[in-house]
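Peer 1: Generate coordinates for the sequence data below:
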Amino acid sequence: MSLWPRSYPPALTVASFALLPTVVLFLLASDADSFFLEHHLHLLSNTLLLTLGTVLGAMLIGIPLAILTSYVQLPLGALWLIVLAAPLALPSYIGAFTFYAAFGPGGEINNVFGIETPSASGLIGASIVMALYTYPFVLLTTRASILSQDASLLNVARTLGMSLPRAIMSITLPRAMPAIATGSLLAALYSISDFGTPAILGVDTFTRDIYIEYNAFGLAKAAVLSIQLLCLVTLVLFLESLFRSEPGNTGQPLSICLKPWHITFVFLTVIPIAFLAIMLPLAIFTLWLIRDGSGDFDYQIAWNSTYVSILAATFAVFLALPVAYAAIAGPVGRLFERVTYFGFGIPGIVMGTALVYLSLQLPALYQTLAILVAAYVLRFLPLAVGTVRASAENIDSNMTKAARILGAGPLEVFHRVLLPLTMRGVVAGGALVFLESMRELPATLLLSPAGFETLATYLWRVYEAGYFGRAAIPGLLLVVMSGFGLALLLMGERRAEFGLTNKK
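Peer 2: Predicted structure coming up:
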């Protein structure tokens, strides 16, 4: 009987660790008086309506932009793609916070320009904000599909008298439907799981009500709501797996050159999207900084975010190594890897609820950095696993065999051969876990030690207190860090290898 690879036992341990929050939720929910109340129907309808509005908005924005960036030759084409993909790197609660402050009677637009605008609060406002920060999912997946299609079919259709718009609608988009569905379902998953946007803009969803129940010491009720939310998340993940498309072979590209006035029209169409999603938050935070100054901002808060995120990144990479190597070693290892991805599908508010209950059973962990770091690691471990695996898959197995033949033991082979060759993936995965941990809001609100503030929680406290001017420094710092994350995405670190769209 052949022995298991050495990476399997630690990978099994990590996979079991990843399942722990779900087990805890079911144990906690068993103490609830009722699993379903009439109020839950209201939460379900609001959550579904917000998700539907988000998906429709993301498709209306993302599909035309995917066609535009795939087929049209634009000046500084790479810059267009960077700008249009940028909202994906920003936490949506940044947009919600600045929309809430900018629009409506007494908003910053009204104060500065004297222009009255409708309020951004409510279901419509939240749907618009969520669409602005999720349309890049649709843009990127649809664009990848379009670029993999042979454009000669479009040329044939045009030769036969079909107009270009009709040819795209009849030929290109039907073939891109799996990619469109994948991007739309990822936008839906983001919408269902998000806490900050519905909470700031006043929409009663599962995530917002879970936080209310937690603050009212109703952990059992919060657990019930969390399980119901997980059912929605699981349904979306299942649908996403059905629509996942395989990449095709790139054929003859289609290149469309626009006249100057066409380019001007495209620019005027695209600029409102970039303004609302990117420039508006920057403008609002800059306005507050100029008007109110730094507000005696305590830079220890920025260090708190950095420190706890470094800890999370370090532990995530350490745990990701055996899981990634196990995934390469065989089918059982790939199963362990899939289990670790489950944490990435658990909303932060749900993860926080489970770990609060767990820490109450283990008082030594309650309100400690250890439990907060554990939440970050469980949520973002797949980011590290995927990048390490992507690097490790490119290693020539003959190198490790040669090292063994020359007398190196398994640990020495790992230390001197495998680890150096996967270091790029290790660094990239650690950087991504660090950036996501910096931005995480709901889990940090529930689990951070007393008196321990991060940039994300400080923004939340500022919103609750109504002292918006104090959000300038932390808001700008979060935007800068998010921009760094986008740069990492576009510098070829192969984020798609570990994203939800490429799970097999």
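Peer 1: all contacts plus neighbour counts: C-alpha atoms, from now on.
Peer 2: Noted.
Peer 1: With adjacent residues omitted, what lies nearest to residue 83?
Peer 2: Spatially, and ignoring its direct neighbours in sequence, residue 83 is nearest to residue 274 (7.0 Å; C-alpha to C-alpha, 6 or more residues apart in numbering).
Peer 1: wait, doesn't that neighbour sit right on residue 84?
Peer 2: Yes. Using C-alpha atoms under 8 Å, residue 274 is in contact with residue 84, at 6.7 Å.
Peer 1: who's more crowded, those two?
Peer 2: Remark: of residue 274 and residue 84, residue 84 carries more neighbours, 23 against 17, as counted by other C-alpha atoms under 10 Å.
Peer 1: so what's the more buried one up against?
Peer 2: 136, 274 (C-alpha atoms under 8 Å, 6 or more residues apart in numbering).
Peer 1: any idea how far residue 434 is from residue 310?
Peer 2: With distances taken as C-alpha to C-alpha, to the nearest Å, residue 434 is found 6 Å from residue 310.
Peer 1: Also residue 457?
Peer 2: Distance, residue 457 to residue 310, by C-alpha to C-alpha: 17 Å.
Peer 1: Tell me which residues are up against stretch 161-170.
Peer 2: By C-alpha under 8 Å, 6+ apart, stretch 161-170 touches 154, 157-158.
Peer 1: ok, and the closest non-adjacent residue to residue 291?
Peer 2: Nearest non-adjacent residue to residue 291, counting by C-alpha to C-alpha, 6+ apart: residue 469, 7.8 Å away.
Peer 1: In stretch 75-84, which residues are buried?
Peer 2: Buried residues in stretch 75-84, counted by 16 or more other C-alpha atoms under 10 Å: 80-81, 83-84.
Peer 1: could those go into a markdown table alongside secondary structure?
Peer 2: As requested, these are arranged in a markdown table below (DSSP: H, G, I helix; E, B strand; the rest coil):
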| residue | secondary structure |
| --- | --- |
| 80 | helix |
| 81 | helix |
| 83 | helix |
| 84 | helix |
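Peer 1: Quick one: mean pLDDT for whichever helix or strand residue 312 is part of?
Peer 2: Assessed by DSSP states H and E, residue 312 sits inside helix 300-329. Helix 300-329 carries an average pLDDT of 89.
Peer 1: And stretch 112-125, by the same measure?
Peer 2: The average pLDDT for stretch 112-125 rounds to 92.
Peer 1: Wait, a helix at the residue nearest to residue 83?
Peer 2: Yes. Per three-state DSSP, residue 274 lies within a helix segment.
Peer 1: how near is it to residue 451?
Peer 2: According to C-alpha to C-alpha, residue 274 and residue 451 sit 37 Å apart.
Peer 1: circling back: neighbour-wise, which of residue 434 and residue 310 wins?
Peer 2: The residue with more neighbours, out of residue 434 and residue 310, is residue 434; 27 against 20, by other C-alpha under 10 Å.
Peer 1: In contact with that one, which residues?
Peer 2: Counting by C-alpha under 8 Å, 6+ apart, residue 434 touches 306, 309-310, 312-313.
Peer 1: make it 10 Å
Peer 2: Neighbouring residues of residue 434 by C-alpha atoms under 10 Å, 6 or more residues apart in numbering: 305-314, 316, 376-377, 380, 428, 481, 485.
Peer 1: Report the buried residues of the helix or strand that contains residue 211.
Peer 2: Taking DSSP H and E as the definition, residue 211 sits inside helix 206-215. Under the neighbour-count criterion of 16+ other C-alpha under 10 Å, helix 206-215 has 206-211, 213-214 buried.
Peer 1: Distance check, the residue lying closest to residue 349 once chain neighbours are set aside against residue 324.
Peer 2: Leaving aside its sequence neighbours, residue 349 sits nearest to residue 442 (C-alpha to C-alpha, 6+ apart; 4.9 Å). Distance of residue 442 to residue 324, given as C-alpha to C-alpha: 28 Å.
Peer 1: And those two? Which one has more around it.
Peer 2: More neighbours surround residue 324 than the other of residue 442 and residue 324, with 27 against 24 (other C-alpha under 10 Å).
Peer 1: what residues are up against the more buried one?
Peer 2: The contact partners of residue 324, taken as C-alpha under 10 Å, 6+ apart, are 7, 11, 333-334, 336-337, 382, 384-393.
Peer 1: Among those residues, name the buried ones.
Peer 2: Burial by neighbour count, 16+ other C-alpha under 10 Å: within the contacts of residue 324 this picks out 7, 11, 333-334, 336-337, 382, 384-392.
Peer 1: For residue 91, give its distance to residue 191.
Peer 2: Residue 91 is 12 Å from residue 191, by C-alpha to C-alpha.
Peer 1: joint contacts of residue 434 and residue 310?
Peer 2: The overlap between the contact sets of residue 434 and residue 310 (C-alpha under 10 Å, 6+ apart) consists of residue 316.
Peer 1: got any ranges where the stretch 101-250 of the chain has weak pLDDT?
Peer 2: Scanning the stretch 101-250 of the chain for pLDDT under 70 picks out 243-250.
Peer 1: Let's see that with 80 instead.
Peer 2: Within the stretch 101-250 of the chain, the segments meeting pLDDT under 80 span 148-165, 167-168, 170-171, 217, 237, 240-250.
Peer 1: the helices in it, which residues?
Peer 2: Using DSSP state H, counting those that start in this stretch, the helices found in the stretch 101-250 of the chain span residues 108-113, 122-147, 152-159, 164-167, 173-175, 177-193, 196-200, 206-215, 219-243.
Peer 1: go on, the stretch 301-450 of the chain?
Peer 2: Here the stretch 301-450 of the chain has its helices, by DSSP H, counting those that start in this stretch, at 331-345, 348-361, 369-392, 397-405, 410-413, 419-421, 423-439, 442-447.
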